[in-house]
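Enquirer: I would like to see how this sequence folds:
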Amino acid sequence: MAILVTGAAGFIGYHVCKTLLACGEEVVGIDNINDYYDVRLKEARLSRLQNQNGFSFHRVDISDLEALKSIADGLGDVNRVIHLAAQAGVRYSIENPFAYVQANLVGQMAILEFCRHQPNFEHLVYASSSSVYGGNTKLPFSVYDRTDTPVSLYAATKKADELMSHCYGHLYGFPQTGLRFFTVYGPWGRPDMAMYIFCKAISEGRPIPVFNNGDMKRDFTYIDDIVSGVIASLDNPPKVENGNSPCRLYNIGNHRSEPLMRMIELIEGALGKKAEIDFQPMQPGDVKESFADIDAITADLGYAPTTPIDIGVPKFVDWFKSYEGV
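Expert: Numbering: from 1, shown residues only. Down below sits the predicted model:
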């Protein structure tokens, strides 16, 4: 049976689809190709997938339940879904909050309804975010920590997604795994992310904005490590035990909290050019530090990230230079 992947033209979705296809799976990708960032990057990712056997694509908005149902009608049963489509970005959620309500809340509900009506449905794996930890100060962030102090609407919608999924697991009993991603980067990454923004500005001789005067740390996680965690999760659905809902949550990070200035140094080295830094105060909705406790996913699935930023950042920069023609 086919695996349905939402957000197939997105950064993580593209890499997940590529890996599934390499494993011989049949993949049905959906994406609405919105213009939150340059659609040419999305189309370039998609074109690489459409050249591979076993891949089909539908341009569909995930919040359109009837459109999702029509896709299933043409396919037959879909027994596994990887739901990665979302309106991303912390700062943009302040400017355009309703985009997050539509994509992240209505979209999640549509996917849940879609899954519960599929015969013999096996597993929904969906994207959450490290942003749900919000104002937490205890590090590293554990999946057992409270997550009721979001500091951005984006984070609030992702927490709401987790709650809706738990409710549907309780009511309808189908397995679900939510994955809290930590600062994902790598080739084909999003141009609204800091690493891409910094590379482009430095290569063009423009200053880079560095918030909180550079006193920031992130658990930077290379895309290959993220994909390995997504696939391992898909292949190992949670089971109903002691009457509990078959739902679980995992952090997927690199289990290292790296200084932002160290990441900038690695970009400078890979580009062979120094950055002009414009230090700025902390931005609304942002957090000073992220750090993933990955004990749960490591114990259950053997997840073990292998790519430190010293290796991953130069790989990203190499792709960036090729893609941008630098």
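Enquirer: tell me which element Ala304 is part of?
Expert: Here Ala304, judged by DSSP states H and E, is contained in no helix and no strand.
Enquirer: what about it, neighbour count?
Expert: 12 (other CB atoms under 10 Å). C-betas here are computed from N, CA, C, even on glycine.
Enquirer: residue contacts, it?
Expert: Contact analysis of Ala304 by CB atoms under 8 Å, 6 or more residues apart in numbering lists Thr298.
Enquirer: also the one 3 residues further on?
Expert: With contact taken as CB under 8 Å, 6+ apart, Thr307 is in contact with 222, 224-225, 254.
Enquirer: Provide the secondary structure category for it.
Expert: Following DSSP: H, G, I helix; E, B strand; the rest coil, we place Thr307 in the coil state.
Enquirer: what's the answer for His58, then?
Expert: Assignment for His58 (three-state DSSP): strand.
Enquirer: and if you look at the one 4 residues further on?
Expert: Secondary structure of Ile62, reduced to three states by three-state DSSP: coil.
Enquirer: phi and psi next, for it.
Expert: With angles defined as degrees, to the nearest 10, Ile62 sits at phi -60, psi -20.
Enquirer: so who does the nearest residue to it once chain neighbours are set aside touch?
Expert: Leaving aside its chain neighbours, Ile62 sits nearest to Gly107 (4.0 Å; criterion: CB to CB, 6 or more residues apart in numbering). For Gly107, the contacting residues are 61-63, 85-86, by CB under 8 Å, 6+ apart.
Enquirer: and Phe181, what does it touch?
Expert: Each residue near Phe181 by CB under 8 Å, 6+ apart is listed here: 12, 127-130, 221, 226, 252-253.
Enquirer: show the pLDDT at Val326.
Expert: On the pLDDT scale, Val326 is placed at 86.
Enquirer: low-confidence bits of this structure, can you list those?
Expert: Where the chain drops to pLDDT under 70, the residues are 242.
Enquirer: would you map the helices across it?
Expert: Under the criterion DSSP state H, helices of the chain are mapped to 11-22, 39-50, 65-75, 92-95, 97-100, 107-116, 153-172, 194-203, 223-235, 260-271, 295-301, 309-324.
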